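Colleague: Pasting the sequence and the predicted coordinates here, then a few questions.
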Amino acid sequence: MTKGFRQVGRAEIPGGGQVTVQGTHAYVGHLDPPHGTTILDVSDPKHPEVLSTIMLPDYMHSHKVRVHGDVMLVNNERYGKQHPDFKGGLKIYDIADKHNPREIAFFRCAGGGIHRFDYDGDYAYISPQVEGWHGNVAMIVDMHDPLKPTEVSRWWMPGQWVAGGETPTWEGMRTRCHHPLRLGDRLYISYWHGGFGIVDIADITKPKTVSILDWSPPYPCPTHTALPIPHSIKGRRILVCTDEEVSDRLSPTPNAFLWVVDITEETKPIPIATFRVPHDQPFNKSCWFGAHQPMEQVHGDVLFVTWFAGGLRAVDISDPYAPKEVGSYMPEPGKGHSIVQSNDVFFDKTTGLIYLLDRLGGLDILEFVG
């Protein structure tokens, strides 16, 4: 099943959680140890070449990666059972030599470590566990001196600060920070079964809540990404959210899908449309089918969105009240696997190339010709 896409190249690498591209290099955070982070030369996208891979012990993974200049950040998150040697946090690497990435600093966090994060060269916007808080919170870390990463501020949902006397009103860790994304002086923070928050960081040391919206329940799947569209569409400010097709859900159906939210009046965000790929089957833990992650590098009104067993979907939001599919791509399963689980996508605005990463194996390099 391919409509509107052309494969340019492919790298048979272990499955991953995130891919990011800068210049002529791609960086992949792998899902399963011992593979941690791989750096590839993609100057010839028809023949991507692995330059180096950071290896890890079997009790942790570094499945997320972001790069700015010669600085690479990766997460340290617990993998499987607790291990006495595990240290959660954010690792900082000097990658001037792509064949030999060199660790230069470590920002330590408590508990299971850090999940997803973003990085703009000045600050990292992370989702750590910290002592005294229940579940992951949102934190801003000053990265102006990458040798000395320093917390600037944090934000959390009411009920998380147990050391301060707050009490969670939800089951387990279902309300927790998934990852923050910055646009201007706002953070848009996905918060799993807590929905999402719009947060004012005009004073970056004192984040202020603008609004919170949650739709699970009644909808079963948690909020994975809250992506602000940097330009107006039909005179409206738009936020695109994907829920995640995942086992931590409130009912077996429906499958996770994409939401379009009008945030023109940001104190009152209003869902105005949804997009879903038809698949009326209960959740299958062996082969997920549903929404996951949109490209965060927005350019125009067509978004590329990973859909696990549904591959990659191109979604046109030029009419935000009626998003429609304008292309799709189904990659080959990774080496040794029989199914596809498309997990992450990166759009390189400079080259127009799309990097599609499978959580089980394989990195496809594509062009959208639709």
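Modeller: Looks like it came in fine. Numbers count the residues shown, from 1 in each chain.
Colleague: roughly how far apart are Gly336 and Ala314?
Modeller: From Gly336 across to Ala314, the span is 28 Å (C-beta to C-beta, to the nearest Å). For glycine as for every other residue, the C-beta is placed from the backbone atoms N, C-alpha and C.
Colleague: Neighbour count: these two, which is higher?
Modeller: Taking neighbours as other C-beta atoms under 10 Å, Gly336 and Ala314 compare with Ala314 leading, 21 against 9.
Colleague: Not counting its neighbours along the chain, what's nearest the more buried one?
Modeller: Spatial nearest neighbour of Ala314, excluding adjacent residues (C-beta to C-beta, 6 or more residues apart in numbering): Gly327 at 3.4 Å.
Colleague: again with Met173
Modeller: Gly135 (4.5 Å).
Colleague: does that neighbour count as helix, strand or coil?
Modeller: State at Gly135, reduced to three classes by DSSP: H, G, I helix; E, B strand; the rest coil: coil.
Colleague: in a strand, that's where Val210 is, yeah?
Modeller: Yes: secondary structure of Val210 (three-state DSSP): part of a strand.
Colleague: Now do the contacts for it.
Modeller: Residues in contact with Val210 (C-beta atoms under 8 Å, 6 or more residues apart in numbering) are 186, 197-200, 266-267.
Colleague: how about low-confidence regions in the stretch 1-150 of the chain?
Modeller: 1 (pLDDT under 70).
Colleague: Now do Lys234 against Pro320, distance only.
Modeller: In this view, Lys234 and Pro320 are 6 Å apart by C-beta to C-beta.
Colleague: which residues sit in contact with the residue nearest to Lys208 when sequence neighbours are not counted?
Modeller: Distance criterion C-beta to C-beta, 6+ apart; nearest residue to Lys208, sequence neighbours excluded, is Asp200 at 4.3 Å. If a contact means C-beta under 8 Å, 6+ apart, then Asp200 has 185-186, 207-210 as its contacts.
Colleague: Name the member of the residues you listed that has the highest neighbour count.
Modeller: Sorting those by how many neighbours each has (other C-beta under 10 Å) puts Pro207 first, at 24 neighbours.
Colleague: Hmm, Ile201 and it touching each other?
Modeller: Yes: counting by C-beta atoms under 8 Å, Pro207 touches Ile201, with 5.3 Å between them.
Colleague: any residues in contact with both of the two?
Modeller: 140, 153, 187.
Colleague: pretty sure the first one is touching Pro149, no?
Modeller: No: here Ile140 does not reach Pro149: they are 10.8 Å apart, not a contact under C-beta under 8 Å.
Colleague: Walking through the stretch 151-300 of the chain, point out its strands one by one.
Modeller: 175-183, 186-192, 196-200, 208-213, 223-228, 238-243, 258-262, 270-275 (DSSP state E, counting those that start in this stretch).
Colleague: Could you export these as TSV, including mean pLDDT?
Modeller: Output for those, formatted as TSV (pLDDT from 0 to 100):
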stretch	mean pLDDT
strand 175-183	98
strand 186-192	98
strand 196-200	98
strand 208-213	98
strand 223-228	98
strand 238-243	98
strand 258-262	98
strand 270-275	98
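Colleague: how much space between the residue nearest to Lys208 and Pro228?
Modeller: Applying C-beta to C-beta to Asp200 and Pro228 gives a distance of 13 Å.
Colleague: can you list residues touching both of these two?
Modeller: Common contacts of Asp200 and Pro228 (C-beta under 8 Å, 6+ apart): Arg186.
Colleague: Now do Asn75 against Ala226, distance only.
Modeller: Asn75 sits 19 Å away from Ala226, going by C-beta to C-beta.
Colleague: Can you give me the buried ones in the lengthiest strand in the chain?
Modeller: As assigned by DSSP state E, the longest strand anywhere in the chain is strand 102-114. Within strand 102-114, the residues that count as buried by 16 or more other C-beta atoms under 10 Å are 105, 107, 109, 111-114.
Colleague: if we can go back for a sec, and the residue nearest to Ala314, what is it in contact with?
Modeller: Contacts of Gly327 (C-beta under 8 Å, 6+ apart): 3-5, 302, 313-314, 368, 370.
Colleague: can you check Tyr191 too?
Modeller: 157, 175-178, 197, 212, 214, 223.
Colleague: Can you flag the buried ones in these?
Modeller: Among those, the ones that count as buried by 16+ other C-beta under 10 Å are 157, 175-178, 197, 212, 214, 223.
Colleague: Now flag whichever of these is closest to Gly361.
Modeller: Gly361 has its nearest neighbour among those in His178, at 24.0 Å by C-beta to C-beta.
Colleague: before we move on, the earlier item: nearest to Tyr79 among the contacts of Val210?
Modeller: Distances from Tyr79 to these, taken by C-beta to C-beta, are shortest for Gly197, at 27.7 Å.
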